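J.: structure, please.
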Amino acid sequence: MNLPSSTPLYKQIEASLKPLFSKRIPKEVFGKSPSSIFIGKYNYPNVFAGPMVGLTDDVSNADSPGNWYGLDVAKIIEYRLSLARGEKTIGVKNIENRTVLDLQDTALSKKDLDIEVRFEREPFQRLSFSTYLQPMGASGKMERFSLADNPSIPKKVLSLVEENVNVRTAVSEGFTHFSDVYYLQRVLSSGALGKEKRMVPTRWSITAADSILANHLLEEVREYRSVEKIQVYSNVWMGNHFEIAILPGTWEFEQFESGEPGSHLSMKADPLEYEYEPFEGRTTYAEREGGGYYSGRLATVEALHRMNRQGRCIVFREISDEYQIPVGVFQVRENCRQALKNTPTYFETREEMFSYLKTKLKRPLLQYLVKSRVLTQRKLSDF
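T.: As a prediction, this is how the structure comes out:
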């Protein structure tokens, strides 16, 4: 696969957003931050850490993936070009550092904040892409960062920080109160939580929050009654087509990722990835799919929790050549969430479901069945 910056779609977007790409960014920026920070993973434990500061007056949606469903890639890139990222090398355990304390106040705030960032030199506008993270715009090493506003931090979050409860408990309790995985990702990344506080690279915090929250909800889901009928949910957004099947039985989960030629997944030797989780959970990281697995899993568990049911779940993700520019795992999470809000199609037998999936999936169903553990099982209820 070509790099995103060399694809026709990118060149088209670059031309349409030329004023933003060519905009001069001064050394000193005073602007709104959408309560956003970024913690890098390079050279861990001494990482780049810093705030995201707005280059326009309105940054309310610039770092709000939960509000982006239905947008096209161009609009998301436009949002990301409206932010500049400050960078300073800091040890992840150096949480008494003044910069880290200000970063924590920024991340914990539930409102946009006025901040001031002075860069070592004028940053220039550029974009970087990741399958994990939202697109990133301008960045630069900073000399100084300060808050010019008072953060609005919920009392519940302050109590979790001050009580020094473990990270899993803090994230789970926070979700119970706010139901906002994106806010909790920021809080976790800032290093404000836990008994042994440390900053967490943004990429890691995204997956950790998805995993912790799904595990928390599964404590209840595993006690629910099974769904009664086979049901399949569908959705397509940004060249990502999802079919999500839920079958009667106890909790199991598997996810497929299939990439067409021209998609970002097609560069792999085998553009059909697969991960599985049994009823009791898994003990190893889902290396083959990474963060996308945990985002799809969270969305699926959230839906079961709303239904007060459990089941055997399969997520099929087919990535077309329309998806030339990766925008991060939030796209998987929001795509699956939307699919599971759509009206499902119900089936009496697996054979009926297979016939339906053959008409919906581009990859031959047999290639999925060869790998699947859930779809090839036979339960007593099937006879």
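J.: and the next element down the chain from the lowest-mean-pLDDT helix or strand in the chain?
T.: Here the helix or strand of the chain ranked lowest by mean pLDDT, DSSP states H and E is helix 18-21, holding a mean of 82. From helix 18-21 onward toward the C-terminus, using DSSP states H and E, the following helix or strand is strand 28-33.
J.: distance between that following strand and the chain's centre?
T.: 26 Å (C-alpha atoms, centre = their mean, to the nearest Å).
J.: hey, C-alpha coordinates of the least confident helix or strand of the chain in PDB?
T.: What follows is helix 18-21, C-alpha atoms only, in PDB (Å, rounded to 0.1, in the frame of the first residue of the first chain):
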ATOM      1  CA  LYS A  18      -4.700  24.300   1.100                       C
ATOM      2  CA  PRO A  19      -5.300  27.500   3.300                       C
ATOM      3  CA  LEU A  20      -5.000  25.300   6.400                       C
ATOM      4  CA  PHE A  21      -1.900  23.500   5.200                       C
END
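J.: show me how far it is from its chain's centre.
T.: Per C-alpha atoms, centre = their mean, the centroid offset for helix 18-21 relative to its chain is 27 Å.
J.: what helices and strands are in contact with that helix?
T.: helix 73-81 (3 or more C-beta pairs under 8 Å, 6 or more residues apart in numbering; DSSP states H and E). (Each C-beta comes from the backbone N, C-alpha and C, glycine too.)
J.: wait, R373 sits on E277?
T.: No: taking contacts as C-beta atoms under 8 Å, R373 lies outside contact range of E277: 9.7 Å.
J.: what about the two, which has more around it?
T.: More neighbours surround E277 than the other of R373 and E277, with 20 against 14 (other C-beta atoms under 10 Å).
J.: what helix or strand is K156 on?
T.: Using DSSP H and E, K156 falls in helix 155-163.
J.: elements contacting that helix?
T.: helix 98-108, helix 167-178.
J.: stretch 163-175: which residues count as buried?
T.: 165, 167-168, 170-175 (16 or more other C-beta atoms under 10 Å).
J.: cool, stretch 316-336 as well?
T.: Buried residues in stretch 316-336 (16+ other C-beta under 10 Å): 316-336.
J.: of these, which belong to strands?
T.: Those of those mapping onto strands are 316-319, per DSSP state E.
J.: show me what N240 is bridged to.
T.: Here N240 sits in beta bridges with W237, I319, going by DSSP bridges.
J.: and it, what is it in contact with?
T.: 317-320, 323, 331-332, 335 (C-beta atoms under 8 Å, 6 or more residues apart in numbering).
J.: go through those and say which is closest to L147.
T.: Using C-beta to C-beta, Q331 comes nearest to L147 of the contacts of N240, at 31.4 Å.
J.: what score does the closest one have for pLDDT?
T.: Listed pLDDT for Q331 reads 98.
J.: same check, this time on S5
T.: pLDDT, S5: 74.
J.: farthest pair within the buried residues of stretch 163-175?
T.: Longest span within the buried residues of stretch 163-175, C-beta to C-beta: V165 and F175, 13.7 Å.
J.: now find how far off-centre the helix ranked longest in the chain is within its chain.
T.: For the chain, the longest helix by residue count, based on DSSP state H, is helix 202-221. Centre-to-centre, helix 202-221 and its host chain are 11 Å apart (C-alpha atoms, centre = their mean).
J.: packing partners for the following helix or strand past that helix?
T.: Proceeding N to C from helix 202-221, the next assigned helix or strand is strand 225-226, under DSSP H and E. Judged by 3+ C-beta pairs under 8 Å, 6+ apart, the packing partners of strand 225-226 are strand 309-310.
J.: go ahead and name everything in contact with the strand it packs on.
T.: So strand 309-310 is in contact with 221-222, 224-227, 250-251, 304, going by C-beta under 8 Å, 6+ apart.
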